[in-house]
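Undergrad: What would the 3D arrangement of this be:
(one chain, ligands or ions: 1)
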Amino acid sequence: MTNQKPQRENFGSKLGFVLAAAGSAVGLGNIWAFPYVVGSNGGAAFIFIYLLCLAIIGLPVLIAEILLGRTTQRNPVGTFKALSKSKLWYSVGGMGVAAGFVILSFYAVVAGWSLGYIYEALSGVLVEFVSADKAVEHFNSLTANPVWIIGMLFLFLIFNMLIVVFGVKKGIEKSSKILMPLLFVLLTGVMIRGFTLDGADSGIDFLFNPDWSKISWTTVIIALGQAFFTLSLGMGAMLTYGSYMSKKDNVIISAIEIVILDTSIALIAGTAIFTAVFAFGLNPSEGVGLIFHTLPIVFSKMTGGYLFSIIFFILLFIAALTSSISLLEVVTSYFVDEKKWNRKKAVIIMGTLVFLLGIPSALSFNLLANFKIFGMNIFDLAFYITFNFMLPLGGFLIAIFVAWIWGFDKALKELRVGAEKIFEKSFWQISFWQVFLKYFAPILILMVLLNSLGLLDFIINSL
Ligand code: PHE
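TA: Alright, predicted model coming up:
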């Protein structure tokens with residue numbers, strides 16, 4: 001027996017697990033994507049729909065993913081092998097591992113910019129812009145340089161690998177315990193600075209005063225996609241972290257804490273950014289470039305801009321780093337569990353392959369800018385396939401698997417472990433989980449998938 005099941009590492013405490021999982025959740029999705037998605041989709045009304053998606057789909061799927069991992073104590077492929085006899089289900093785990101690989105390759109490109117921008121901030125460049133055009137020009141001149149963009153990608157992945165190679169306790173848990181509180185403090189500092197600016201209230205108004213006329217089907221679909229991405233769902237990251245969770249700990253409470261932390265940080269980031277953007281009369285719907293194009297102008301105009309520009313890009317880097325390690329961990333755990341590689345070998349080989357795969361994504365901003373597949377450059381394509389297709393499909397299949405294949409009798413038995421008190425007191429809340437997972441999540445996610453394939457409009461129009 002012993003040589004079949006080598007001792008697997010675990011998180012040292014529930015706090016360690018929650019901080020690591022929140023570290024995975026809180027990332028570029030919260031600080032880079034959330035504000036620009038909110039900005040381009042009308043503000044408060046979008047946030048309302050997004051919160052609804054988190055509650056009725058995000059949280060139930062998150063509980064399901066953590067539970068699967070904790071039950072089997074295996075990577076995504078091993079988990080399906082343990083709970084099902086069908087090769088089709090193993091491939092769902094395999095798709096998760098592949099998604100981890102691809103997401104990390106383009107995620108690390110943007111994360112690398114945050115690293116490069118820390119240097120720009122330190123050197124004082126980010127407080128010297130007199131107009132928006134100059135900030136965009138500066139961003140373009142950096143990303144147009146293949147050496148800069150590949151260099152930053154490389155450097156970022158080195159940080160990532162250095163953490164993952166130390167394993168679950170000494171690498172992931174320890175770094176999350178230091179970096180997550182630091183992130184929180186830095187971000188709160190930036191938010192307070194935002195509040196104190198003249199004109200900050202129009203930013204708050206934009207974020208928290210809904211204009212319902214802005215809501216459409218597309219809003220719902222974008223909100224759902226964002227909810228998935230931000231909670232790191234659908235590709236086994238939460239499953240893998242769950243596999244290192246102790247059976248003494250409570251899956252339900254941990255999942256709720258992760259959602260609360262993730263949502264608070266997105267809202268704090270939104271507040272920090274929009275109070276400043278509105279105070280200086282800039283455009284909230286700038287899109288993908290919001291933090292790299294617009295914020296440097298804010299820093300240039302704001303008293304204390306030098307310090308805040310440094311703080312901001314450091315916190316962006318931290319957020320991206322703690323997410324990216326969960327991506328590499330999914331891939332690593334697969335090779336360690338299933339292929340019996342040692343951790344060091346898995347991290348070095350897979351980290352190097354991710355770097356190689358990231359190069360074409362990085363070059364999409366310069367040398368390969370005109371190389372298009374389906375009208376998209378390689379970076380956009382990798383983003384599109386994973387964000388719109390692989391993650392929702394993975395989440396859909398995980399919900400179906402737990403609700404319909406594995407079955408609630410077995411799932412509830414596992415869920416109860418470590419959560420006995422809740423089971424006695426609030427059984428009806430748990431039946432909500434079942435209904436959401438069995439019906440709401442699959443149906444809504446299916447709509448997102450149909451939309452990605454361009455089929456939703458077709459169906460709605462023909463109704
Ligand atoms: N949740 C991360 C973010 O918001 C992205 C991510 C997706 C990380 C999937 C891991 C897995 O930036």
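Undergrad: Helix, strand, or coil at the residue in the stretch 301-450 of the chain that the ligand sits nearest to?
TA: Relative to the ligand, the nearest point of the stretch 301-450 of the chain is residue 323 (4.1 Å; Cβ to the nearest ligand atom). All C-beta spots, glycine's among them, are computed from the backbone N, C-alpha and C. The three-state label given to residue 323 by DSSP: H, G, I helix; E, B strand; the rest coil is helix.
Undergrad: quick one, what contacts it?
TA: Taking Cβ atoms under 8 Å, 6 or more residues apart in numbering, we find residue 323 in contact with 23-29, 107, 232.
Undergrad: The residues you listed: which ones sit near the ligand?
TA: 24-25, 27-29, 232 (Cβ under 6 Å from any ligand atom).
Undergrad: The longest helix along the chain: which residues count as buried?
TA: Longest helix in the chain, counting residues (DSSP state H): helix 87-122. Within helix 87-122, the residues scored as buried using 16 or more other Cβ atoms under 10 Å are 89-90, 92-118, 120-121.
Undergrad: With stretch 280-292 instead?
TA: Those would be 280, 282, 284, 286, 290-292, for stretch 280-292 by 16+ other Cβ under 10 Å.
Undergrad: Then stretch 209-223?
TA: Buried, per 16+ other Cβ under 10 Å, within stretch 209-223: 210, 215, 219-223.
Undergrad: Pick the one among the buried residues of stretch 280-292 closest to residue 188.
TA: residue 291 (17.4 Å; Cβ to Cβ).
Undergrad: buried residues in stretch 327-337?
TA: 327-337.
Undergrad: ditto for stretch 151-167
TA: Buried-residue list, stretch 151-167, by 16+ other Cβ under 10 Å: 152-153, 156-157, 159-161, 163-167.
Undergrad: Same list (these) but as a markdown table, adding distance to the ligand and pLDDT.
TA: Formatted as a markdown table, these follow (distance: Cβ to the nearest ligand atom, whole Å; pLDDT from 0 to 100):
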| residue | distance to the ligand | pLDDT |
| --- | --- | --- |
| 152 | 17 | 98 |
| 153 | 16 | 98 |
| 156 | 14 | 98 |
| 157 | 15 | 98 |
| 159 | 16 | 98 |
| 160 | 12 | 98 |
| 161 | 16 | 98 |
| 163 | 14 | 98 |
| 164 | 13 | 98 |
| 165 | 18 | 98 |
| 166 | 19 | 98 |
| 167 | 18 | 97 |
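Undergrad: In this protein, where is pLDDT below threshold?
TA: 1-6, 456, 460, 463 (pLDDT under 70).
Undergrad: what does it have sitting close to the ligand?
TA: So the chain meets the ligand at 24-25, 27-30, 103, 229-230, 232, 235, 237, 323, 326-327 (Cβ under 6 Å from any ligand atom).
Undergrad: Let me know whether residue 132 touches residue 296 as I believe.
TA: No: with contact defined as Cβ atoms under 8 Å, residue 132 does not count as touching residue 296 (9.3 Å).
Undergrad: ok, the two, which is more surrounded?
TA: residue 296 (28 against 16; other Cβ atoms under 10 Å).
Undergrad: Count the residues that sit near residue 303.
TA: Around residue 303 there are 10 residues (other Cβ under 10 Å).
Undergrad: show me where the stretch 51-200 of the chain has helices.
TA: Using DSSP state H, counting those that start in this stretch, the helices of the stretch 51-200 of the chain run over 59-72, 76-83, 87-122, 132-143, 146-164, 167, 174-195, 200-208.
Undergrad: In three-state terms, label whichever residue of the stretch 101-250 of the chain sits closest to the ligand for me.
TA: At 3.5 Å from the ligand, residue 232 is the closest residue in the stretch 101-250 of the chain, using Cβ to the nearest ligand atom. Following three-state DSSP, we place residue 232 in the coil state.
Undergrad: ok so, going back, among the buried residues of stretch 209-223, give me the pair with the biggest separation.
TA: 210 and 221 (18.1 Å).
Undergrad: what's the closest non-adjacent residue to residue 254?
TA: Of all residues not flanking residue 254 in the chain, residue 18 sits nearest, at 5.3 Å (Cβ to Cβ, 6 or more residues apart in numbering).
Undergrad: from memory that neighbour sits against residue 257, does it?
TA: Yes: taking contacts as Cβ under 8 Å, residue 18 lies within contact range of residue 257: 5.1 Å.
Undergrad: More neighbours: which of these two?
TA: For the pair residue 18 and residue 257, the greater number of neighbours falls to residue 18 (23 against 18), based on other Cβ under 10 Å.
Undergrad: separation between that one and residue 245?
TA: Using Cβ to Cβ, to the nearest Å, residue 18 is found at 9 Å from residue 245.
Undergrad: Mind listing the shared neighbours of these two?
TA: residue 254.
Undergrad: Identify the residue spatially nearest to the spatially most central residue of the chain, adjacent ones excluded.
TA: Closest residue to the average C-alpha location of the chain: residue 230 at 3.8 Å, with Cα atoms, centre = their mean. In this structure, residue 230 finds its nearest non-sequential neighbour in residue 29, 4.2 Å apart by Cβ to Cβ, 6+ apart.
Undergrad: so who does that neighbour touch?
TA: 226, 229-230, 266, 323.
Undergrad: Go again with 10 Å.
TA: 37, 107, 226-232, 262, 266, 319-320, 323, 387 (Cβ atoms under 10 Å, 6 or more residues apart in numbering).
Undergrad: May I ask which helix or strand encompasses the residue nearest to residue 254?
TA: Assigned by DSSP states H and E, residue 18 falls within helix 14-25.
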